[in-house]
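Chemist: here's my sequence, what's the structure:
(one chain, ligands or ions: 2)
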Amino acid sequence: MISSSSCSRLTTLPPYTISTPRLCPQFPKLCPRFCKKPLTITNVLKIADSLNLSSTAAPDLHSLFSRTKPTILVSEKLGDAGLDLLRSFADVDCSYNLSPDDLCSKISSCDALIVRSGTKVTRQVFEAAKGRLKVVGRAGVGIDNVDLQAATEFGCLVVNAPTANTIAAAEHGIALLAAMARNVAQADASMKAGKWLRNKYVGVSMVGKTLAIMGFGKVGSEVARRAKGLGMHVVAHDPYAPADRARAIGVELLSFDEAVSTADFISLHIPLTPATCKVFSDATFAKMKRGVRIINVARGGVIDEDALLRALDSGIVAQAALDVFGEEPPKDSKLVQHQNVTATPHLGASTKEAQEGVAVEIAEAVVGALQGELSATAVNAPMVPPEVLSELAPYVALAEKLGRLAVQLVSGGSGIKSVKVVYRSGRDPDDLDTRLLRAMITKGIIEPISDSVINLVNADFIAKQKGLGISEERVPANSSLQPVDSIQVRISNVNSKFQSALSENGEISVEGRVKYGKPHLSRVGSFEVDVSLEGNLILCRQVDQPGMIGRVGGILGENNVNVSFMSVGRTVRRKKAIMAIGVDEEPDKDTLNKIGHVPAVEEFVFLNL
Ligand SMILES: NC(=O)C1=CN([C@@H]2O[C@H](COP(=O)(O)OP(=O)(O)OC[C@H]3O[C@@H](n4cnc5c(N)ncnc54)[C@H](O)[C@@H]3O)[C@@H](O)[C@H]2O)C=CC1
Ligand SMILES: O=C(O)C(=O)COP(=O)(O)O
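Modeler: Ligands and ions are numbered 1, 2, ... in the order given. Next up, the predicted model:
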């Protein structure tokens, strides 16, 4: 029973069969009926639909039904505007400077964690969260301090705030470039020490010098623009950068070797990944012009710091300006203490403006994710724009139902290894993003036969982990009005407990479409049917003869099982037919036995949707 008055509106809704992802933990607390069936991307849209809310309004359901708030742990200093936004939605625990152990012991009572670069979100953190942590928000760009693989395995969404600190980082890069070229920090320190060393701190000019930007992304491009303004000749290396952006700024794109060997100044703006770790090594420094100057506002880990020290000592590198370090704060201070190094304590993003912007950007992303929205800044899940999501909503429900249906047709003991999904669609392939649909089919197939909790984040990972190969095919359809005309799910190399579900080539095959905005089953094996995919379903193959609907319907009625819909499909008149019967209640064993004993019934199966 649903006790709260606001929830009572839900009693009119069909039963929910979707059990995860647990993107909204409050919902089950409110509605015991849904205890094991938390609010998900899928059913939130369905609920919205039933309440005549637009799908974009669906997340408001959270506040509509919520009484308890989620808990968000903020482990590093965040701007006030972001904190205010978080507090309007959740209980916010600002605990800074937590030790790794303290973080692990706190995390199991948190639904979201917001960090900057100082918190290591390791596999141990996800393990300690015991499934409660839904979202990690990185208030900034670099996500190298978050174990993304572990996040994905635990079905935890990671979002970042990729735009709000771009200018701050670029400005800091330029500040370091100029400060280094003119020895500002060293000269300042000497003056504070009571000295007046006009001859010692003669600098180098920037105008006319070649600056190589390594990583021509958001920050790199902004540094390039500003360096052009200083009269520098700017080149860049970035294998993924669009040539037109470089042309528009007047920057020449070069290979790695060309860029590092022609530059007077090199500014690093690449993310730290396994591929970029220590790319600035002895071998790389050996390719550089003698007397080159290096700025790093990206990540310390992209430089082999011992190699840099050697290059500074040998004079290959005349000066370095470093905001970031392999270990922060750096334990070995040789680099920081080097007379030709200008160092700042990871200040690139630290302007008032950037911190307010980042705080709001991450607060919006985390709140949205906790409400079941698909984030536009998701790092480990497909980004699905709201308009695409609302269009795909009924197909998302269809996809999960078909997966759930198909897997229940597999006879026990058959290991499922290979699933093929065929989308019939009139859309251009570029206009149809099937990742969401594939994730929901995976969810439908895996959840009924395992204890895995599947969501958009971990669907592909868990499928792979379980050795389940899902291939997709698109078949062109004439109509392009709907995104998808039909979805077919085929499971091969398995036995079926309902032989009629097998197609001619021996695969379990079910096909469905969206009719009047609702998922419908349109084909089972080679039989055409037309039933709404709601509640429970009995599939029954019988000799095609008069009176079958009445007999089976009668048995159900006598046993107080309400039939919600019925459809008969046949291959050969008066020979074989399939009856698909939707039932509100789950019939007991005796009732199902009675159906099985009707002489014309050749086989039947009960399926829970
Ligand atoms: N010091 C600080 O406080 C801050 C540091 N950052 C760091 O700056 C870096 C860049 O940030 P954004 O520009 O916002 O990111 P972005 O993603 O816009 O740009 C990164 C660029 O690097 C390129 N790239 C990737 N691998 C590469 C490789 N092997 N060689 C050359 N280019 C490669 C990518 O194609 C991309 O264009 C990140 O590591 C970020 O964490 C960003 C903001 C503040
Ligand atoms: O956004 C980034 O990548 C940064 O490095 C900024 O880090 P911070 O948030 O200042 O710890």
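
Chemist: show me where the stretch 151-300 of the chain has its helices.
Modeler: 166-181, 184-192, 218-229, 243-249, 256-262, 282-287 (DSSP state H, counting those that start in this stretch).

Chemist: between those, which gets nearest to residue 424?
Modeler: In terms of CB to CB, the element of those nearest to residue 424 is helix 243-249, at 36.6 Å. The way it works is simple: take the backbone N, C-alpha and C, and place the C-beta from them, glycine included.

Chemist: helix, strand or coil for residue 126?
Modeler: helix (DSSP: H, G, I helix; E, B strand; the rest coil).

Chemist: I'd say it and residue 155 touch.
Modeler: No - using CB atoms under 8 Å, residue 126 is not in contact with residue 155, being 9.4 Å away.

Chemist: now residue 342: how far from residue 103?
Modeler: 33 Å (CB to CB, to the nearest Å).

Chemist: sorry, that was for residue 115
Modeler: 9 Å.

Chemist: just residue 257 next, same as before
Modeler: For residue 257 relative to residue 103 (CB to CB), the value is 42 Å.

Chemist: the more surrounded of the two?
Modeler: residue 103 (22 against 11; other CB atoms under 10 Å).

Chemist: need the contact list for residue 499.
Modeler: 541, 603 (CB atoms under 8 Å, 6 or more residues apart in numbering).

Chemist: all the strands of the stretch 351-500 of the chain, in order from the start?
Modeler: Secondary structure of the stretch 351-500 of the chain (DSSP state E, counting those that start in this stretch): strands at 418-425, 469-476, 486-492.

Chemist: quick one: closest of those strands to ligand 2.
Modeler: Distance to ligand 2, taken as CB to the nearest ligand atom, is lowest for strand 469-476 among the strands of the stretch 351-500 of the chain, at 34.2 Å.

Chemist: tell me the strands beside that closest one, with direction?
Modeler: Here strand 469-476 has these sheet partners by DSSP bridges: strand 418-425 (parallel).

Chemist: now the stretch 451-600 of the chain against ligand 2: closest residue?
Modeler: residue 457 (21.5 Å).

Chemist: what's the burial count for the closest residue to ligand 2 within the chain?
Modeler: Of all residues in the chain, the one sitting closest to ligand 2 is residue 140 (2.6 Å; CB to the nearest ligand atom). By other CB under 10 Å, 24 other residues sit near residue 140.

Chemist: and it, what does it touch?
Modeler: 116-117, 160-161, 165, 349, 358 are the contacts of residue 140 under CB under 8 Å, 6+ apart.

Chemist: how far away is it from ligand 1?
Modeler: 6 Å (CB to the nearest ligand atom, to the nearest Å).

Chemist: next: residue 266.
Modeler: Plainly put, residue 266 is 12 Å away from ligand 1 if you go by CB to the nearest ligand atom.

Chemist: wait, that residue sits on residue 214?
Modeler: Yes - in this structure, residue 266 is within contact of residue 214 by CB under 8 Å, at 6.3 Å.

Chemist: now do the SS call for the residue in the stretch 1-150 of the chain that ligand 1 sits nearest to.
Modeler: Using CB to the nearest ligand atom, residue 142 is the residue of the stretch 1-150 of the chain that sits closest to ligand 1, at 2.6 Å. Recorded secondary structure, residue 142: coil (three-state DSSP).

Chemist: so what's it up against?
Modeler: The contact partners of residue 142, by CB under 8 Å, 6+ apart, come to 117, 271-272, 298-299.

Chemist: ligand 1 contacts on this protein?
Modeler: Residues of the chain lying near ligand 1 by CB under 6 Å from any ligand atom: 141-142, 162, 165-166, 169, 214-220, 237-241, 269-272, 275-276, 297-299, 323-324, 346, 348-349.

Chemist: which among these end up buried?
Modeler: 141-142, 162, 165-166, 169, 214-220, 237-238, 241, 269-272, 276, 297-299, 323-324, 346, 348-349 (16 or more other CB atoms under 10 Å).

Chemist: winner for burial among the strands of the stretch 351-500 of the chain?
Modeler: strand 486-492 (a mean of 22; mean count of other CB atoms under 10 Å).

Chemist: I'd like the next helix or strand past that strand.
Modeler: Downstream of strand 486-492, the next assigned helix or strand under DSSP states H and E is strand 508-515.

Chemist: partner strands of the following helix or strand past that next one, parallel or antiparallel?
Modeler: Remark: after strand 508-515, the chain's next helix or strand is strand 518-524, criterion DSSP H and E. Paired neighbours of strand 518-524 in the sheet (DSSP bridges): strand 508-515 (antiparallel), strand 527-532 (antiparallel).
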